[in-house]
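S.K.: Sequence and predicted structure, then a few things I'm wondering about:
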Amino acid sequence: MYPMAPLVRTVLNTAARVAPGPAGRLAFHLFVRPLGRARPKPQERDLFAAARTGRLQVRGKDVVTYAWGDGRRPVLLVHGWSSRASRLTAFAEALLERGYSPVAFDAPGHGESPGRASNIVEYREIIRQLHERHGDFDAVVAHSFGVLAALFALRDGVRATRFVGIGGVGSFDLLIKGFQAGLGVDDRVLRCMRDHVERRLVPGEPGIWDRFGADRDSGELTARILLFHDEGDDMVPLVHSRRLARAHGDRARLVVTQGLGHRRILRDPEVVGEAVEFLAAPAGEPAAGEPVAAS
């Protein structure tokens, strides 16, 4: 539930009828604002203290970046919403041990990066800049909203051989429906927000709203995909990863875990180990996991 949801709902539903422009702008600002700023955990601090930190700018916002290793075999780590790069510490440590060079960032409004908000378009631009800086990625490992954002970037020219998604948001439509349910706003508000995104955020890319979702139109993506999702995930329903796996056919496999939820799955030794083995397997070997059941 969003803070002051009843008041916000009334304001947005009314404004959408009489002032659709401001209504769309306000709804968008609520949608892209993280619900708090995650702090680093003690077990994450040593690795990030040893990182080579850097900066880049996206749409006038500063972004803190991190890199380890010798620069060869780069693997991009993409954190989720209201999260931070350090939540992927277990993957970064395991990748370093196998000779990879992890690369990560804190999106605006997250982790150590300043600001109050970010969005999928900014994630795409950050990933594009890191791709230019580090070259083609051996792989991308992403969590939650980071899965949706990373796949958006991969479909728009960023190159990676393999992709691992954990507890991933795959359907932008389902994400929007969750936002709508949390505030209790009507469909008119969502139409106003869509118009704001297409006219104001990325006016040079008409129809971009329909390209945000990763659970359809998968022809541009050639990376092999391994997905992990806990059946008891209370933040992102399992149906997101099921849709992702079906959309990408034989190149994707889904591993369904139990008892790890949305966050513990990032520290689970079996998940981390299986993901790294998938990344290190010779080309042509099948993805780990079981075929996806219908849902």
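M.R.: Done, it's in. Predicted, not measured: the structure shown is a model, and the values here were computed from it.

S.K.: any idea where the strands of the stretch 1-150 of the chain begin and end?
M.R.: Here the stretch 1-150 of the chain has its strands, by DSSP state E, counting those that start in this stretch, at 52-58, 61-67, 74-78, 101-106, 137-143.

S.K.: Contacts for the third one, please.
M.R.: To tie it back to what came earlier, the one meant is strand 74-78. With CB atoms under 8 Å, 6 or more residues apart in numbering as the test, strand 74-78 has contacts from 85, 88, 91-92, 95, 100-105, 123, 127, 130-131, 134-135, 137-143, 146-147, 149-150, 160, 279. C-beta here means a position set from N, CA and C on the backbone, and glycine is covered the same way.

S.K.: Make a PyMOL selection of whichever of these turn out to be buried.
M.R.: Here is the PyMOL command that selects the buried residues among the contacts of strand 74-78 (16 or more other CB atoms under 10 Å):
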select buried, resi 85+88+91+92+95+100+101+102+103+104+105+123+127+130+131+134+137+138+139+140+141+142+143+146+147+149+150+160+279
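
S.K.: Report the backbone C-alpha coordinates of stretch 179-192 in PDB.
M.R.: Output of stretch 179-192 as PDB, limited to C-alpha atoms (Å, rounded to 0.1, in the frame of the first residue of the first chain):
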ATOM      1  CA  PHE A 179       0.600  -0.200  -9.100                       C
ATOM      2  CA  GLN A 180      -3.000   0.400 -10.000                       C
ATOM      3  CA  ALA A 181      -4.300  -1.900  -7.300                       C
ATOM      4  CA  GLY A 182      -2.000  -0.400  -4.700                       C
ATOM      5  CA  LEU A 183      -3.400   3.100  -5.200                       C
ATOM      6  CA  GLY A 184      -6.900   2.100  -6.300                       C
ATOM      7  CA  VAL A 185      -6.900   4.400  -9.300                       C
ATOM      8  CA  ASP A 186      -9.000   3.800 -12.400                       C
ATOM      9  CA  ASP A 187      -8.000   3.000 -16.000                       C
ATOM     10  CA  ARG A 188      -8.100   6.700 -17.000                       C
ATOM     11  CA  VAL A 189      -5.200   7.500 -14.700                       C
ATOM     12  CA  LEU A 190      -3.100   4.800 -16.300                       C
ATOM     13  CA  ARG A 191      -3.900   6.100 -19.800                       C
ATOM     14  CA  CYS A 192      -2.700   9.600 -18.600                       C
END
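
S.K.: buried sites along that stretch?
M.R.: Using 16+ other CB under 10 Å as the test for burial, stretch 179-192 gives 179, 180, 183, 184, 185, 188, 189, 190, 192.

S.K.: Perfect, that will be all.
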